[in-house]
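Trainee: okay, here's the prediction I keep looking at, along with the sequence it came from:
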Amino acid sequence: MKGERVEITLQYFQGCPHWATTDRYLGTLLTEGEDATVHHELIDSHEAALERAFRGSPTVLIDGVDPFANPETPVGLACRVYHTDHGTAGSPTIDQLRAALAAASTDHKG
C-alpha cells in the first residue's frame with residue numbers, strides 16, 4: 001500500500017458546534033504536509049446515524065476506521081465527547097489527530 005493517501009471522513013450533524021474545530025485541525029494537518037484527503041459526511045437523521053453506526057459528532061474515520069472508538073458510546077445524533085490530556089472535550093486535540101494519522105500512515109507504508 002505504499003504511497004497511498006489516507007482517506008479521512010469527518011462525520012457530523014448540523015446542530016453540533018464541535019465538528020468545525022475538528023475540521024480546522026484536520027485542515028492544519030493537511031497544510032503541515034499530511035498525505036490525506038478529507039471528506040465530509042453530514043449525518044442528518046436518526047436512521048442515517050443507525051445505518052452508519054454514527055457515535056456522535058464529530059466522528060473522524062481514517063480509512064474507514066474510528067481511531068477513537070468506544071463501543072460503549074451509543075449510536076445516534078449527539079455531540080461526542082473525547083478524553084484529552086486537558087479533560088473532556090468536544091473534539092479530539094490536534095495532537096491526537098496527528099498521532100492517529102501517523103499510525104494510519106505507518107500502516108500504509110508497511
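Mentor: On my side now, so go ahead. Numbers count the residues shown, from 1 in each chain.

Trainee: in three-state terms, label the residue nearest to residue 15 when sequence neighbours are not counted for me.
Mentor: Excluding the flanking residues, the one nearest residue 15 by Cβ to Cβ, 6 or more residues apart in numbering is residue 77, at 7.5 Å. Yep, even glycine has a C-beta here, placed from its N, CA and C like the rest. The three-state assignment at residue 77 reads coil, by DSSP: H, G, I helix; E, B strand; the rest coil.

Trainee: tell me where this structure has helices.
Mentor: With DSSP state H as the criterion, the chain has helices at 19-31, 46-52, 94-109.

Trainee: redo the ones you listed as CSV? Include mean pLDDT, mean neighbour count and distance to residue 60.
Mentor: Shown next, in CSV, are these (pLDDT from 0 to 100; neighbours: other Cβ atoms under 10 Å; distance: least, Cβ to Cβ, whole Å):
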stretch, mean pLDDT, mean neighbour count, distance to residue 60
helix 19-31, 97, 17, 6
helix 46-52, 96, 14, 13
helix 94-109, 85, 15, 7
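
Trainee: just to revisit the earlier point, okay, now the residue nearest to residue 15: neighbour count?
Mentor: A count of nearby residues for residue 77, using other Cβ atoms under 10 Å, gives 18.

Trainee: who are the contact partners of it?
Mentor: By Cβ atoms under 8 Å, 6 or more residues apart in numbering, the contact set of residue 77 is 13, 15, 43, 45-46, 49, 54, 57.

Trainee: wait, what's in contact with the residue lying closest to residue 62 once chain neighbours are set aside?
Mentor: Distances taken as Cβ to Cβ, 6+ apart put residue 104 closest to residue 62, at 4.6 Å, once the chain neighbours are dropped. Applying Cβ under 8 Å, 6+ apart, we find residue 104 in contact with 6, 62-63, 65, 67.
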